[in-house]
Structure formats: C-alpha cells, structure tokens
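Participant: quick one: sequence and predicted model below, then my questions.
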Amino acid sequence: MKNILFKGMQRSLAKNPGQWLVGLLMLIAFFFVLFYMVKGIYSILSMVAPVLLLITAIINYRVITGYLGMLWSVFKNNWIVGLLGAILTVVGFPFVSGFLFFKAIVGRKINSIQAELQQKQQGEYVDYEDLTEEPPEQLILKEPEKRADSKYDDVF
C-alpha cells in the first residue's frame with residue numbers, strides 16, 4: 001500500500017515539480033501572517049493588561065483567586081507542570097489577564113440572568129405605604145337579630 005501511494009506521489013511531482021514549492025510558500029506565508037497578528041494582539045494586550053486585571057478584581061476578585069488556586073493545586077500535584085504553568089502565566093500575562101477579564105464579564109452576565117429568572121419565578125416584592133391622611137373609619141357592628149327558638153339551638 002505504501003508503495004502505491006509513494007508511486008502516486010512521484011507521478012504527481014513529476015507532472016508538476018513546482019506544486020510542492022507553491023504549497024510550502026503558502027504555508028510559510030500563512031504562519032508569517034499568523035505570527036504578526038499574534039504579535040500585534042500581544043503588544044496591544046500588554047499595554048491594557050494591568051487595567052484589565054484591575055477591572056477584573058473590581059468586577060469579581062474570585063476569578064483571580066480561583067485561577068491562582070488552580071495554579072497552586074497543579075503545583076502541589078506536580079511541581080514541574082505547576083512551575084511551567086507559572087512561567088507561562090508570567091510570559092503570557094496579557095493573554096491571561098484578557099482571559100480572566102472575559103471570564104469575570106461572562107460570570108457577571110450569567111449571575112444577572114439567573115437573578116432575573118429567580119425574580120420572575122418568585123415574584124417581585126413591593127413596599128407597601130399607606131398614603132391616606134385620614135384615620136381609618138371604625139367598624140360599627142350591629143347587634144345580631146335574635147331568631148326564634150328552635151330545637152337545633154338546644155343541641156349546642
């Protein structure tokens with residue numbers, strides 16, 4: 001089977017010898033453009049990262065503590081992987097702060113949607129305030145009318 005595939009590839013290269021060169025150049029161009037896009041995003045995020053981390057702490061500080069706790073638990077289980085994760089966190093700080101900011105925003109939105117659903121299910125409480133200035137009228141009860149005696153009243 002390998003021999004058949006290899007012969008097929010030899011025949012296609014023999015027909016058009018520059019085809020693999022064009023494919024290789026396209027692959028190099030793709031990775032070149034991808035590298036510069038990631039480099040640009042990294043430079044923009046590196047300027048904004050401290051502000052994003054501060055806003056994340058204001059929105060929901062538990063996101064940051066949860067990430068650090070996860071990193072610490074990985075370090076306790078396997079210190080090499082934990083050390084590698086800490087190094088990648090420092091090197092990729094702009095991306096990590098962007099991710100934590102996104103996670104805080106999404107968590108806030110989810111909490112607000114859950115609060116709305118819970119409010120719809122339980123109903124909304126309204127404060128009651130009496131706005132009338134007049135004192136309420138007193139009820140005057142009339143004396144009940146006496147009925148004719150019956151044997152039924154003797155039962156009780």
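Facilitator: Thanks, I have it. Numbering: from 1, shown residues only.
Participant: ramachandran angles for residue 60?
Facilitator: phi -160, psi 100 (degrees, to the nearest 10).
Participant: which ones are touching it?
Facilitator: 104, 107-108 (CB atoms under 8 Å, 6 or more residues apart in numbering). Any C-beta I mention is one placed from the backbone N, CA and C, and that applies to glycine too.
Participant: hmm, 10 Å instead?
Facilitator: 66, 100, 103-105, 107-108, 111 (CB atoms under 10 Å, 6 or more residues apart in numbering).
Participant: same deal with residue 103?
Facilitator: 56, 59-60, 63-64, 66-67.
Participant: could you rerun that using 6 Å?
Facilitator: The contact partners of residue 103, by CB atoms under 6 Å, 6 or more residues apart in numbering, come to residue 63.
Participant: swap in the one 5 residues further on?
Facilitator: Shown here is residue 108, whose contacts under the criterion CB under 6 Å, 6+ apart are residue 59.
Participant: before we move on, back to that, identify the farthest-apart pair in the contacts of residue 60.
Facilitator: 100 and 111 (16.3 Å; CB to CB).
Participant: the more surrounded of these two?
Facilitator: residue 100 (22 against 11; other CB atoms under 10 Å).
Participant: secondary structure element for the more buried one?
Facilitator: helix 93-122 (DSSP states H and E).
Participant: and the residue nearest the centre of the protein?
Facilitator: The centre of the chain sits closest to residue 106, judged by CA atoms, centre = their mean, with a distance of 3.1 Å.
Participant: okay, it: pLDDT?
Facilitator: In this model, residue 106 is scored at 95, pLDDT.
Participant: cool, residue 114 as well?
Facilitator: On the pLDDT scale, residue 114 gets 91.
Participant: ditto for residue 136
Facilitator: In this model, residue 136 carries a pLDDT of 61.
Participant: kindly report the same for the one 10 residues further on.
Facilitator: At residue 146 the predicted local distance difference test score is 71.
Participant: over to residue 63?
Facilitator: pLDDT, read off for residue 63, is 95.
Participant: brilliant, that's me finished.
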